[in-house]
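> Attaching a predicted model along with its sequence, questions to come.
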Amino acid sequence: MAKTFKFEDSFGRILGVAHTSMFRYLSKLMKDQELPITPEQFSVLSHLWQKDGLQQSELAICTNRNRANVTRIIDILEREGIVERRDDESDRRVFRIYLTDKGKSLREVTARCAEQTINDSLKGLTKEEIDTCVKVLLQVKSNVG
């Protein structure tokens with residue numbers, strides 16, 4: 001007799017719930033620090049902190065989001081004075097996104113929130129368990145990505 005699929009107990013459901021829990025925890029830590037950004041905006045900023053001046057299309061690829069979503073995030077960050085759009089010097093149809101001083105100043109405290117989220121999420125797990133989990137998740141990504 002075939003086993004009945006139970007969504008609530010499925011790998012995908014558990015993975016999604018874990019992601020949502022970490023996302024909410026990071027959001028809480030950022031709010032406690034009175035940071036003017038959300039975890040969603042943090043994902044865009046983290047790439048700009050590594051390489052300032054990326055194109056919007058590059059940010060969409062880096063963050064695994066669609067261009068419309070990235071445009072909305074950048075609009076908000078620009079309104080808050082955290083990033084600014086500048087014309088690309090070689091292609092006037094393209095905008096590059098640059099951090100403002102305010103955007104640069106958020107890096108350290110935001111990174112501490114992200115690090116705390118990860119550390120608190122992994123409490124009670126051995127290095128081997130974490131390594132196995134990372135290996136499994138990378139394989140899942142490879143299988144369907």
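Yes, it's here.

> helix or strand for the most centrally placed residue in the chain, which one?
With distances taken as C-alpha atoms, centre = their mean, residue 43 lies nearest the centre of the chain, 3.0 Å away. Residue 43 belongs to helix 39-50 when elements are defined using DSSP states H and E.

> tell me what whichever helix or strand comes after that helix is packed against?
Counting by DSSP H and E, the next helix or strand C-terminal to helix 39-50 is strand 54-55. Packed against strand 54-55, as judged by 3 or more C-beta pairs under 8 Å, 6 or more residues apart in numbering; DSSP states H and E, are the following elements: strand 95-99. In this view, the C-beta of every residue, glycine as well, is placed from N, C-alpha and C.

> mind listing what's buried in the strand it packs on?
The neighbour-count check on strand 95-99 (16 or more other C-beta atoms under 10 Å) flags 95-97, 99 as buried.

> Tell me the pLDDT of the spatially closest residue to the residue nearest to the centre of the chain that is not a sequence neighbour.
Leaving out its chain neighbours, the residue that sits closest to residue 43 by C-beta to C-beta, 6 or more residues apart in numbering is residue 63, at 4.9 Å. At residue 63, the pLDDT value in this model is 94.

> And for residue 63, the neighbour number?
By other C-beta atoms under 10 Å, the residues close to residue 63 number 17.

> picking up where we left off before, strand 95-99 and the helix holding residue 43, what's the angle between them?
90 degrees (axes from the mean of the first three to the mean of the last three C-alpha atoms, to 10 degrees).

> For residue 60, give me its contacts.
Residues near residue 60 by C-beta atoms under 8 Å, 6 or more residues apart in numbering: 66-67, 69-70.

> Tabulate the CA atom coordinates of the helix holding residue 43 in PDB.
In PDB, the C-alpha atoms belonging to helix 39-50 read as follows (Å, rounded to 0.1, in the frame of the first residue of the first chain):
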ATOM      1  CA  PRO A  39      15.900  41.100   6.200                       C
ATOM      2  CA  GLU A  40      14.700  41.300   2.600                       C
ATOM      3  CA  GLN A  41      16.600  44.600   2.100                       C
ATOM      4  CA  PHE A  42      19.600  43.200   4.000                       C
ATOM      5  CA  SER A  43      19.900  40.500   1.300                       C
ATOM      6  CA  VAL A  44      20.400  43.200  -1.300                       C
ATOM      7  CA  LEU A  45      22.700  45.300   0.800                       C
ATOM      8  CA  SER A  46      24.900  42.400   1.700                       C
ATOM      9  CA  HIS A  47      25.900  42.100  -2.000                       C
ATOM     10  CA  LEU A  48      26.500  45.800  -2.300                       C
ATOM     11  CA  TRP A  49      28.700  45.700   0.800                       C
ATOM     12  CA  GLN A  50      30.800  43.100  -1.000                       C
END
